[in-house]
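Fold the following.
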Amino acid sequence: MHPFRNLLAALILFQHNVKILHWNLVGVDFDPVHQLLGDYYDQLGEFIDDIAETSIQLEIPPVGLTEAFDILNGLNDDFVALEGKEIFTSEESFNSLGIMFEKLLSLYETAWNGDGVPADVANKLQEHAFWIRKQYKFKNARRLQK
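Below is the predicted model:
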């Protein structure tokens, strides 16, 4: 499986998961965390669009929702789709985000190191990873670290 398809599949799942966290957040710090989760959801949507359009330019078929689950089930990693009926505290949400961001960073690195990835595409992937790393290791480091 092409690394771009693996990355796109994970982004699709994780955007879904962030939306579930956003919708089902509870607790005293609801307002700021709810807003942050909404911002993360929007940003992942932009990343999905970038990767899908770049994949098409590189003649790599993009990934639909059903394909995303098939791809992720085929990887030797534990990808979990959150359920809409679950309720999450901010601590639980940040724990989930930390796991997702760590997996995304690994998938991005695999994608930009792939054979035949043009330098400008690798740079774009690295920009995405920089944003994720900034959220994970700097802006929300205390909350996102395990």
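
what ranges do the helices span in the protein?
3-23, 30-57, 65-74, 90-112, 119-134, 141-144 (DSSP state H).

which helices and strands does the second one pack with?
It refers to helix 30-57. helix 3-23, helix 90-112, helix 119-134 (3 or more C-beta pairs under 8 Å, 6 or more residues apart in numbering; DSSP states H and E). C-beta: built from backbone N, CA, C; applies to glycine.

low pLDDT regions in this protein?
The model of the chain has pLDDT under 70 over residues 144-146.

the residue most distant from the middle of this protein, which is it?
Val28 (26.0 Å; C-alpha atoms, centre = their mean).

any idea how far that residue is from Glu91?
11 Å (C-beta to C-beta, to the nearest Å).

Of all the helices and strands packed on helix 30-57, which one comes closest to Tyr40?
Across the helices and strands packed on helix 30-57, Tyr40 has its closest neighbour in helix 3-23 (5.0 Å, C-beta to C-beta).

nearest residue to Leu72 other than its sequence neighbours?
In space, Leu72 comes closest to Phe79 once its chain neighbours are excluded; the distance is 4.1 Å by C-beta to C-beta, 6 or more residues apart in numbering.

Torsion angles phi and psi at the one you found?
For Phe79, the backbone dihedrals (degrees, to the nearest 10) come out as phi -100, psi 130.

got the contact list for it?
Phe79 is in contact with Ala10, Leu13, Leu72, Asn73, Lys103, counting by C-beta atoms under 8 Å, 6 or more residues apart in numbering.

my guess is Asn24 contacts Gly84, does it?
Yes: at 7.2 Å, Asn24 and Gly84 qualify as touching, with contact defined as C-beta atoms under 8 Å.

residues in contact with Glu109?
Ala129.

chain center to stretch 123-131, what's the gap?
Using C-alpha atoms, centre = their mean, to the nearest Å, the mean C-alpha position of stretch 123-131 is found 12 Å from that of the whole chain.
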